[in-house]
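Chemist: I'd like to go over a predicted model; first the sequence, then the structure.
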Amino acid sequence: MITRNKNFVASLCLCTAAFLTACDNDDDKDNGPSLNIVETADSVDDLSSLVTAVSAFEDIATALSDPDADLTVFAPTNAAFDGLCETLGVDGTGDTCVTGLVDALTADTVADVLTYHVLGNRVDAATAVSVAEGEAGAGRLVPTLLEGNSVAATLTGNQLYINTSAVTTADVDTTNGVVHVIDKVLLPVELETITDFSSLTIAEIVAAASTGGATALDGVDGPEFTLL
(Lines give C-alpha, C1' and ligand atoms only; values in the text may rest on other atoms or scores of the structure.)
Protein backbone atom coordinates (compact mmCIF):
# COMPACT_ATOMS: atom_id res chain seq x y z
CA MET A 1 0.00 0.00 0.00
CA ILE A 2 1.28 3.48 -0.77
CA THR A 3 1.72 5.32 2.51
CA ARG A 4 1.15 9.02 2.11
CA ASN A 5 1.91 11.44 4.94
CA LYS A 6 1.78 15.22 4.65
CA ASN A 7 5.12 15.23 2.84
CA PHE A 8 4.17 12.43 0.42
CA VAL A 9 3.65 14.55 -2.69
CA ALA A 10 6.57 16.84 -1.94
CA SER A 11 8.87 13.87 -1.40
CA LEU A 12 7.81 12.24 -4.64
CA CYS A 13 8.31 15.49 -6.51
CA LEU A 14 11.79 15.88 -5.04
CA CYS A 15 12.63 12.31 -6.02
CA THR A 16 11.37 12.94 -9.55
CA ALA A 17 13.35 16.18 -9.80
CA ALA A 18 16.47 14.41 -8.61
CA PHE A 19 15.93 11.62 -11.14
CA LEU A 20 15.46 14.11 -13.99
CA THR A 21 18.58 16.01 -12.94
CA ALA A 22 20.53 12.77 -12.99
CA CYS A 23 19.23 11.96 -16.46
CA ASP A 24 20.57 15.30 -17.69
CA ASN A 25 24.03 14.48 -16.42
CA ASP A 26 25.97 12.47 -19.00
CA ASP A 27 28.11 10.97 -16.26
CA ASP A 28 25.04 9.44 -14.59
CA LYS A 29 23.31 7.93 -17.62
CA ASP A 30 24.52 4.45 -16.76
CA ASN A 31 22.56 4.64 -13.48
CA GLY A 32 19.19 4.73 -15.25
CA PRO A 33 16.91 1.78 -15.99
CA SER A 34 18.18 -0.78 -18.49
CA LEU A 35 14.94 -2.71 -19.18
CA ASN A 36 11.88 -1.68 -21.16
CA ILE A 37 8.32 -2.12 -19.88
CA VAL A 38 7.92 -5.71 -21.07
CA GLU A 39 11.38 -6.72 -19.89
CA THR A 40 10.75 -5.10 -16.52
CA ALA A 41 7.46 -6.95 -16.06
CA ASP A 42 9.14 -10.18 -17.16
CA SER A 43 11.76 -9.74 -14.44
CA VAL A 44 9.09 -9.66 -11.69
CA ASP A 45 7.64 -13.06 -10.75
CA ASP A 46 4.37 -11.54 -9.54
CA LEU A 47 3.70 -10.02 -12.97
CA SER A 48 4.05 -13.25 -14.96
CA SER A 49 0.33 -13.42 -15.76
CA LEU A 50 0.48 -9.92 -17.26
CA VAL A 51 3.49 -10.93 -19.35
CA THR A 52 1.63 -14.02 -20.56
CA ALA A 53 -1.37 -11.89 -21.53
CA VAL A 54 0.71 -9.25 -23.31
CA SER A 55 2.75 -11.91 -25.12
CA ALA A 56 -0.45 -13.23 -26.70
CA PHE A 57 -0.76 -9.98 -28.66
CA GLU A 58 2.31 -9.16 -30.74
CA ASP A 59 1.21 -5.59 -31.49
CA ILE A 60 0.76 -4.76 -27.80
CA ALA A 61 4.06 -6.39 -26.84
CA THR A 62 5.79 -4.43 -29.60
CA ALA A 63 4.21 -1.14 -28.51
CA LEU A 64 5.25 -1.70 -24.89
CA SER A 65 8.79 -2.49 -26.03
CA ASP A 66 9.12 0.57 -28.27
CA PRO A 67 12.38 2.32 -27.30
CA ASP A 68 10.99 5.68 -28.45
CA ALA A 69 7.84 5.47 -26.31
CA ASP A 70 7.30 7.13 -22.94
CA LEU A 71 4.29 5.28 -21.52
CA THR A 72 2.60 4.58 -18.21
CA VAL A 73 1.44 1.03 -17.48
CA PHE A 74 -0.78 -0.06 -14.61
CA ALA A 75 0.40 -3.62 -14.03
CA PRO A 76 -2.00 -6.07 -12.34
CA THR A 77 -0.43 -8.75 -10.16
CA ASN A 78 -0.92 -12.48 -10.68
CA ALA A 79 -3.47 -12.44 -7.85
CA ALA A 80 -5.35 -9.68 -9.67
CA PHE A 81 -5.72 -11.86 -12.77
CA ASP A 82 -6.69 -14.86 -10.65
CA GLY A 83 -9.34 -12.75 -8.94
CA LEU A 84 -10.80 -11.67 -12.29
CA CYS A 85 -10.90 -15.29 -13.47
CA GLU A 86 -12.71 -16.30 -10.29
CA THR A 87 -15.20 -13.44 -10.68
CA LEU A 88 -15.91 -14.34 -14.30
CA GLY A 89 -16.12 -18.07 -13.61
CA VAL A 90 -12.98 -18.89 -15.60
CA ASP A 91 -11.15 -21.92 -14.19
CA GLY A 92 -7.49 -21.94 -13.28
CA THR A 93 -4.82 -19.66 -11.90
CA GLY A 94 -1.65 -18.15 -13.33
CA ASP A 95 -1.03 -18.90 -17.01
CA THR A 96 -4.06 -21.22 -17.05
CA CYS A 97 -6.24 -18.33 -15.90
CA VAL A 98 -4.88 -16.02 -18.61
CA THR A 99 -5.33 -18.67 -21.30
CA GLY A 100 -8.87 -19.22 -20.05
CA LEU A 101 -9.62 -15.50 -20.29
CA VAL A 102 -8.35 -15.35 -23.86
CA ASP A 103 -10.42 -18.42 -24.74
CA ALA A 104 -13.58 -17.26 -22.91
CA LEU A 105 -13.53 -13.68 -24.18
CA THR A 106 -12.84 -12.51 -27.70
CA ALA A 107 -9.23 -11.70 -28.48
CA ASP A 108 -10.29 -8.13 -29.26
CA THR A 109 -11.86 -7.77 -25.80
CA VAL A 110 -8.75 -9.01 -24.00
CA ALA A 111 -6.60 -6.71 -26.14
CA ASP A 112 -8.87 -3.80 -25.23
CA VAL A 113 -8.59 -4.64 -21.51
CA LEU A 114 -4.79 -4.65 -21.78
CA THR A 115 -4.79 -1.38 -23.73
CA TYR A 116 -6.99 0.14 -21.01
CA HIS A 117 -4.02 -0.26 -18.65
CA VAL A 118 -1.76 2.02 -20.73
CA LEU A 119 -1.46 5.81 -20.78
CA GLY A 120 0.13 7.51 -23.76
CA ASN A 121 2.69 9.40 -21.70
CA ARG A 122 4.63 9.10 -18.47
CA VAL A 123 2.55 9.83 -15.37
CA ASP A 124 4.45 9.33 -12.14
CA ALA A 125 2.85 8.79 -8.73
CA ALA A 126 3.17 12.45 -7.75
CA THR A 127 1.22 13.48 -10.83
CA ALA A 128 -1.40 10.78 -10.21
CA VAL A 129 -1.84 11.98 -6.61
CA SER A 130 -2.19 15.55 -7.87
CA VAL A 131 -4.93 14.41 -10.23
CA ALA A 132 -6.62 12.47 -7.43
CA GLU A 133 -6.66 15.60 -5.30
CA GLY A 134 -8.15 17.64 -8.13
CA GLU A 135 -11.73 18.63 -8.83
CA ALA A 136 -14.14 15.71 -8.55
CA GLY A 137 -15.47 14.30 -11.81
CA ALA A 138 -13.70 14.95 -15.10
CA GLY A 139 -10.78 16.56 -13.27
CA ARG A 140 -9.78 13.16 -11.91
CA LEU A 141 -9.96 11.29 -15.22
CA VAL A 142 -6.90 10.29 -17.19
CA PRO A 143 -7.31 9.17 -20.83
CA THR A 144 -5.94 5.73 -21.70
CA LEU A 145 -4.81 4.35 -25.04
CA LEU A 146 -8.16 2.57 -25.33
CA GLU A 147 -9.96 5.19 -27.38
CA GLY A 148 -12.80 6.92 -25.54
CA ASN A 149 -11.94 5.37 -22.18
CA SER A 150 -10.31 6.95 -19.15
CA VAL A 151 -9.28 5.81 -15.69
CA ALA A 152 -10.08 7.71 -12.51
CA ALA A 153 -7.42 8.55 -9.92
CA THR A 154 -8.71 8.85 -6.35
CA LEU A 155 -7.42 8.85 -2.79
CA THR A 156 -9.02 7.00 0.11
CA GLY A 157 -7.14 7.88 3.25
CA ASN A 158 -3.50 7.22 2.44
CA GLN A 159 -4.19 4.91 -0.49
CA LEU A 160 -4.05 5.87 -4.16
CA TYR A 161 -6.56 4.09 -6.37
CA ILE A 162 -6.88 3.80 -10.13
CA ASN A 163 -10.59 3.08 -10.58
CA THR A 164 -11.06 0.50 -7.78
CA SER A 165 -7.53 -0.90 -8.03
CA ALA A 166 -5.07 0.03 -5.28
CA VAL A 167 -1.58 1.05 -6.36
CA THR A 168 0.71 -1.22 -4.36
CA THR A 169 4.06 -0.31 -5.92
CA ALA A 170 4.59 2.99 -7.72
CA ASP A 171 7.19 4.55 -10.01
CA VAL A 172 9.01 1.50 -11.36
CA ASP A 173 11.12 3.25 -14.00
CA THR A 174 11.87 1.62 -17.34
CA THR A 175 13.70 2.74 -20.46
CA ASN A 176 10.42 3.61 -22.18
CA GLY A 177 8.07 4.66 -19.39
CA VAL A 178 6.94 3.94 -15.86
CA VAL A 179 5.07 1.02 -14.28
CA HIS A 180 2.69 1.15 -11.32
CA VAL A 181 1.71 -2.23 -9.84
CA ILE A 182 -2.01 -2.58 -8.96
CA ASP A 183 -4.06 -5.20 -7.14
CA LYS A 184 -6.96 -5.58 -9.60
CA VAL A 185 -7.32 -5.82 -13.36
CA LEU A 186 -8.70 -2.52 -14.63
CA LEU A 187 -12.07 -2.62 -16.35
CA PRO A 188 -14.33 0.23 -17.52
CA VAL A 189 -16.09 1.94 -14.64
CA GLU A 190 -19.57 0.59 -15.36
CA LEU A 191 -18.26 -2.98 -15.31
CA GLU A 192 -16.52 -2.41 -11.97
CA THR A 193 -19.81 -1.24 -10.43
CA ILE A 194 -21.47 -4.59 -11.17
CA THR A 195 -21.26 -6.57 -7.92
CA ASP A 196 -23.22 -9.66 -8.99
CA PHE A 197 -21.71 -11.31 -12.05
CA SER A 198 -23.50 -14.60 -11.44
CA SER A 199 -26.55 -13.59 -13.48
CA LEU A 200 -24.53 -12.31 -16.45
CA THR A 201 -23.16 -14.21 -19.41
CA ILE A 202 -19.62 -13.60 -20.66
CA ALA A 203 -21.13 -11.78 -23.66
CA GLU A 204 -23.11 -9.47 -21.36
CA ILE A 205 -20.00 -8.73 -19.30
CA VAL A 206 -18.05 -7.88 -22.46
CA ALA A 207 -20.89 -5.63 -23.65
CA ALA A 208 -20.94 -3.82 -20.31
CA ALA A 209 -17.20 -3.27 -20.49
CA SER A 210 -17.19 -1.81 -23.99
CA THR A 211 -20.50 0.04 -24.28
CA GLY A 212 -20.92 1.22 -20.70
CA GLY A 213 -17.43 2.59 -20.35
CA ALA A 214 -17.62 4.56 -23.57
CA THR A 215 -21.00 6.06 -22.68
CA ALA A 216 -19.85 7.20 -19.26
CA LEU A 217 -16.91 9.11 -20.74
CA ASP A 218 -18.58 10.35 -23.90
CA GLY A 219 -17.57 13.94 -24.53
CA VAL A 220 -15.33 14.12 -21.47
CA ASP A 221 -11.76 15.30 -22.01
CA GLY A 222 -9.14 13.95 -19.67
CA PRO A 223 -6.62 16.28 -18.00
CA GLU A 224 -3.60 17.42 -19.94
CA PHE A 225 -0.21 16.26 -18.72
CA THR A 226 3.25 17.61 -19.29
CA LEU A 227 5.62 14.87 -20.33
CA LEU A 228 8.09 14.32 -17.54
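Modeler: Sure thing, it's come through. No experiment lies behind these values; they were computed from the predicted model shown. Residues are numbered from 1 along each chain as shown.

Chemist: need the contact list for L155.
Modeler: 4, 129, 132-133, 161 (C-beta atoms under 8 Å, 6 or more residues apart in numbering). For the C-beta atoms, the positions are set from N, CA and C on the backbone; glycine is no exception.

Chemist: I'd guessed L119 sits against T144; true?
Modeler: Yes - judged on C-beta atoms under 8 Å, L119 makes contact with T144 at a distance of 5.9 Å.

Chemist: tell me, what's touching the two both at once?
Modeler: Residues touching both L119 and T144 (C-beta under 8 Å, 6+ apart): V151.

Chemist: counting contacts, what elements does the biggest strand by length in the chain pack onto?
Modeler: Longest strand of the chain, by residue count under DSSP state E: strand 165-174. Packing partners of strand 165-174 (3 or more C-beta pairs under 8 Å, 6 or more residues apart in numbering; DSSP states H and E): helix 8-24, helix 37-42, strand 71-76, helix 125-132, strand 159-162, strand 177-182.

Chemist: May I see the buried residues of that strand?
Modeler: 165, 167-174 (16 or more other C-beta atoms under 10 Å).

Chemist: which non-adjacent residue is nearest L84?
Modeler: V185 (4.5 Å; C-beta to C-beta, 6 or more residues apart in numbering).

Chemist: quick one: the one you found and D46, what's the gap?
Modeler: Per C-beta to C-beta, to the nearest Å, V185 is found 14 Å from D46.

Chemist: Good, wrapping up.
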